[in-house]
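[1] Below are the sequence and a predicted model for it; my questions follow.
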Amino acid sequence: MNIVISKDYSSASMQRIFDAADSDVVFIGDPRVKINPGSRMFDRMTQVIRDTGCGLVYADAAGHPRIDYQRGSIRDGFDFGPVVGVSVQAAREAGIDRGWKWGGLYDLRLRISESHAIVRIPEPLYSASKSDARPTGERQFDYVDPRNRDFQIEMERIATAHLKRIGAWLPPQFKDVPVAAETFPVKASVVVPVRNRERTILDAVQSALAQATDFDFNVIVVDNHSTDRTTELLRTVVDSRLKHIVPERRDLGIGGCWNEAINSPDCGQYAIQLDSDDLYINDRVVRRFVAELDAGPYAMAIGSYTMVDFSLKEIPPGLIDHREWTRENGRNNALRINGLGAPRAFNTPIVRRIGFPNVSYGEDYAVALRISRDYEIARIYDSVYLCRRWEGNSDSALPLEVANRYDWYKDWLRTVELQARMRG
């Protein structure tokens, strides 16, 4: 076996590593991380490569379990840990594209995955220091940081080439949005799923009701059996445009609450997101989303938002505008990244037909992927939304077990979407 601590993950470095390999397995380590191998780490990883014929192997660390690799695990940030074992034969068969400054190992991993399994060993084979100690709520926005733009463009090019090789890439050709056959009570509905947000729910509702429009709209709050004062506070709002729904079922996630809203007889032609923590930036947001959806017409529109603290003071990274999205390749790059932005607005007949998965994480991503397969999505690149980050957020600092579950689920969504696109 060969053991290499690579100074970087460029194509040139990968080429040198595998040109120099004089055994059937190469181990590549992350230079930023101190690794303390267990007594059998190298032997065990080598054994699994030889026994299974897989192309790449990785393992759990002490106190840090990982998730299994799927076809949809194509994001460049997949957590393999700081050491991987690679079959030299699989790497040489896959080939190394010499053009990548940062993504040589990412490109090689995707190429290997096209013909060989990538295998996780669910055993703690080593211990390691953390390469990034930031909480999940901070790390999740790295891919929209303008300072990382060149890196992200390269990763998008690598992922796009992979999608083309496996027959999952979609050209910028979209179906027409059908004219709605049904009638609606209002032009638009602001949808607010909520559970136990007594500190923020009235701010959100008042932000929605304050919207200035030249069409009728309402605000549908799906109150998911709150046990604090949320329900009581909602009942103090005297405005016929507020539709307060308490579902019969008690097993609903955020997606299930969205289904309650969009299938309500009160729902308008368009359904526009507002989370119970957050606020619209001014009184023109609903009007702007309706104009965007009408203009295409589009099946979905996604805005941009500004990160703020509980008192609404801007905090890093500030504006999240997802300018990586392009009409030509946005729906392909969506399979590489973990989110498409907010707030989101939907053509109600289309989203009724698709439906939301009954989960509380990734439900919006699932729907956006499915819509993007067929229809064009409109984008608004200036901020229309204030997104509060505070201790009450569900994703501010996730325990590892929860972060793993969420990552696995989004990989599974991508796996399903990839298979659908490959089937045509």
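    Structure's in. What do you need?
[2] Strands along the stretch 251-400 of the chain, start to end?
    Using DSSP state E, counting those that start in this stretch, the strands of the stretch 251-400 of the chain run over 270-273, 279-280, 300-308, 314-320, 344-347, 377-388.
[3] a markdown table for those strands, including mean neighbour count?
    Yep, even glycine has a C-beta here, placed from its N, CA and C like the rest. Shown next, in a markdown table, are these (neighbours: other Cβ atoms under 10 Å):
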| stretch | mean neighbour count |
| --- | --- |
| strand 270-273 | 24 |
| strand 279-280 | 23 |
| strand 300-308 | 23 |
| strand 314-320 | 14 |
| strand 344-347 | 25 |
| strand 377-388 | 19 |
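[4] Throw these into CSV and include distance to Arg249 and mean pLDDT, thanks.
    What follows is these, written out as CSV (distance: least, Cβ to Cβ, whole Å; pLDDT from 0 to 100):
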stretch, distance to Arg249, mean pLDDT
strand 270-273, 20, 98
strand 279-280, 29, 98
strand 300-308, 26, 97
strand 314-320, 33, 94
strand 344-347, 22, 98
strand 377-388, 28, 96
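[5] Need those strands in CSV (columns: distance to Leu252).
    Shown next, in CSV, are the strands of the stretch 251-400 of the chain (distance: least, Cβ to Cβ, whole Å):
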stretch, distance to Leu252
strand 270-273, 16
strand 279-280, 24
strand 300-308, 22
strand 314-320, 27
strand 344-347, 18
strand 377-388, 23
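[6] Between those, which one is closest to Ile262.
    Relative to Ile262, the nearest member of the strands of the stretch 251-400 of the chain by Cβ to Cβ is strand 270-273, separated by 5.2 Å.
[7] who does that closest one pair up with?
    For strand 270-273, the paired strands and their directions (DSSP bridges) are strand 188-194 (parallel), strand 344-347 (antiparallel).
[8] Next, work out how far apart Ala91 and Pro185 are.
    Distance from Ala91 to Pro185, counting by Cβ to Cβ, to the nearest Å: 60 Å.
[9] These two: which is more packed in?
    Ranked by neighbour count (other Cβ atoms under 10 Å), Ala91 and Pro185 place Ala91 first, with 22 against 14.
[10] ok, that one - contacts?
    Contacts were defined as Cβ atoms under 8 Å, 6 or more residues apart in numbering; by that measure Ala91 touches Met14, Phe18, Val26, Gly55, Leu108, Ile112.
[11] burial measure for the nearest residue to the last one once chain neighbours are set aside, as a count.
    I take that to be Ile112. Of all residues not flanking Ile112 in the chain, Gly55 sits nearest, at 3.8 Å (Cβ to Cβ, 6 or more residues apart in numbering). Gly55 has 25 neighbours, counted by other Cβ under 10 Å.
[12] Give me the distance between Gly55 and Gly29.
    With Cβ to Cβ as the criterion, Gly55 and Gly29 are 18 Å apart.
[13] now Ile112
    Distance from Ile112 to Gly29, by Cβ to Cβ: 18 Å.
[14] okay, the two: which has more neighbours?
    Ile112 (21 against 18).
[15] which SSE is that one in?
    Take DSSP states H and E as the rule and Ile112 turns out to sit in helix 104-113.
[16] Who are the packing partners of that helix?
    helix 11-20, strand 56-60, strand 83-87, helix 88-94, helix 149-166 (3 or more Cβ pairs under 8 Å, 6 or more residues apart in numbering; DSSP states H and E).
[17] Rebuild those as JSON lines, extending it with mean pLDDT and distance to Ala342.
    Shown next, in JSON lines, are the helices and strands packed on helix 104-113 (pLDDT from 0 to 100; distance: least, Cβ to Cβ, whole Å):
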{"stretch": "helix 11-20", "mean pLDDT": "95", "distance to Ala342": "35"}
{"stretch": "strand 56-60", "mean pLDDT": "98", "distance to Ala342": "32"}
{"stretch": "strand 83-87", "mean pLDDT": "97", "distance to Ala342": "34"}
{"stretch": "helix 88-94", "mean pLDDT": "97", "distance to Ala342": "37"}
{"stretch": "helix 149-166", "mean pLDDT": "96", "distance to Ala342": "19"}
